[in-house]
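**Student:** what shape does this take:
(one chain, ligands or ions: 1)
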Amino acid sequence: MKEVGTNPIDRLAAARIAPRCTAKAKSTGLRCEAPAVRERRVCRCHGARGGAPKGAGNGAFRHGLYSGEAIEARREVRALFIAAREMLAHL
Ligand SMILES: [Zn+2]
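**Tutor:** Residues are numbered from 1 along each chain as shown. Below you'll find the model as predicted:
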């Protein structure tokens, strides 16, 4: 992105060419078009930087079976299992 100086006219011009929010209204089907948060595709009103708390801090958390770490661990075990089965098939 172009470096922006302190000149208010420059800053306004930069804001005009800034990437726009890609969120779409259900009611009208039109895009939000507000300036997107830096490095994001949506504006501050449409969930840039948002997200639910992780782990037990999340209200829907019950036992951790579907936590990111648990899902990742199962994925690794499954990959290992498939690799082992493939290896045994080639013996
Ligand atoms: Zn938006």
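**Student:** contacts, neighbours, all on C-alpha from now
**Tutor:** Fine.
**Student:** now do the same for the closest residue to Leu65 other than its chain neighbours: helix, strand or coil?
**Tutor:** What sits nearest to Leu65 in space, not counting adjacent residues and going by C-alpha to C-alpha, 6 or more residues apart in numbering, is Ile71, at 7.5 Å. Recorded secondary structure, Ile71: helix (DSSP: H, G, I helix; E, B strand; the rest coil).
**Student:** pLDDT at Ile71, what is it?
**Tutor:** The model reports Ile71 with a pLDDT of 95.
**Student:** so which bits of the chain are right by the ion?
**Tutor:** Counting by C-alpha under 5 Å from the ion, the positions of the chain adjacent to the ion are 21, 32, 43, 46.
**Student:** cutoff 6 Å now
**Tutor:** Taking C-alpha under 6 Å from the ion as the criterion, the neighbours of the ion within the chain are 21, 23, 32, 34, 42-43, 45-46.
**Student:** between those residues, identify the one with the most neighbours.
**Tutor:** The member of these that has the most neighbours, counting by other C-alpha atoms under 10 Å, is Val42 with 23 neighbours.
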